[in-house]
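Novice: Need a 3D model of the sequence below.
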Amino acid sequence: MIENIKILIEQFFAKFKIDISDLEIKIEEEKQIIIQVQSKDSGLLIGPNGKNIESIENIIKLMAFHHLDKKVKLTLKVNDYSKTKEERLFQFIYSKVQQAQQSKRNIELPFFTPYERKKIQEYVQALAIKGISTQSMWEWNKRRLHIITNLNSKKLTIDIDGDDI
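Specialist: As a prediction, this is how the structure comes out:
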C-alpha cells in the first residue's frame with residue numbers, strides 16, 4: 001500500500017511541476033498515513049497560514065480513496081512546517097501567560113481552531129504555573145479561549161461580630 005501511495009503522490013507533484021527532494025511515507029497506529037515532504041517549493045505547498053497543505057491533504061485523500069477503494073487518514077508534513085507553527089503558537093501563548101501573571105488579569109485569546117485550543121490548554125496545563133489556567137467560553141464558532149488568573153483572588157471572609165477577625 002505504501003508503494004502505491006508513493007507513486008500516486010510523486011505523480012501528483014510531478015503534474016504540478018513541484019520539485020520534491022525527499023518523500024517519506026509511513027503508517028502509524030490506527031492506519032494513519034504520515035507523508036513527509038522536503039521541497040524547495042515549500043511556499044507553494046504551505047500557502048498562506050498553511051491553507052494549501054490542508055487542501056493538498058484533502059486532494060491526496062480523495063486520490064487515495066479512488067485508487068485504493070477505501071478511506072484513509074492522512075497527514076501531510078512539509079519541511080517541518082507543522083513543528084515550527086506549533087513552536088510559534090506556544091511562544092505566543094507563553095507571552096500571554098506571562099502578561100496575565102504580571103497584570104493579574106484574565107486574557108482573551110484570538111480565535112483558534114478546536115484542535116489549536118486543545119493544544120493550548122494542554123500546553124498551559126503542562127506549564128503548571130500556580131494560579132494560571134485556561135477556560136473556553138462561548139459556543140460554536142464564537143468560542144474563544146481565555147487565560148484565567150487566580151492570582152488576585154481574595155478569600156471571602158465573614159465578620160460575624162464586627163471586630164475584623
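
Novice: partners of the strand or helix carrying D22 in the sheet?
Specialist: If you go by DSSP states H and E, D22 is part of strand 20-28. Sheet partners assigned to strand 20-28 using DSSP bridges are listed as strand 32-39 (antiparallel).

Novice: quick one: low-confidence ranges for this protein?
Specialist: Within the chain, the segments meeting pLDDT under 70 span 30, 151-165.

Novice: for the longest helix along it, packing partners?
Specialist: Criterion DSSP state H: the longest helix present in the chain is helix 81-103. Packing partners of helix 81-103 (3 or more CB pairs under 8 Å, 6 or more residues apart in numbering; DSSP states H and E): strand 107-108, helix 114-127, strand 132-137, strand 144-149. Placement of C-beta: from N, CA and C, glycine included.

Novice: The last one - which strands sit beside it in the sheet, and in what orientation?
Specialist: When pairing is defined by DSSP bridges, strand 144-149 lines up against strand 107-108 (antiparallel), strand 132-137 (antiparallel).

Novice: what is the orientation angle of the last one with helix 114-127?
Specialist: So the one you mean is strand 132-137. Interaxial angle, strand 132-137 versus helix 114-127 (axes from the mean of the first three to the mean of the last three CA atoms, to 10 degrees): 160 degrees.

Novice: And for strand 132-137, what's in contact with it?
Specialist: Applying CB atoms under 8 Å, 6 or more residues apart in numbering, the external contacts of strand 132-137 come out as 97, 100-101, 117, 120-121, 124-125, 143-151.
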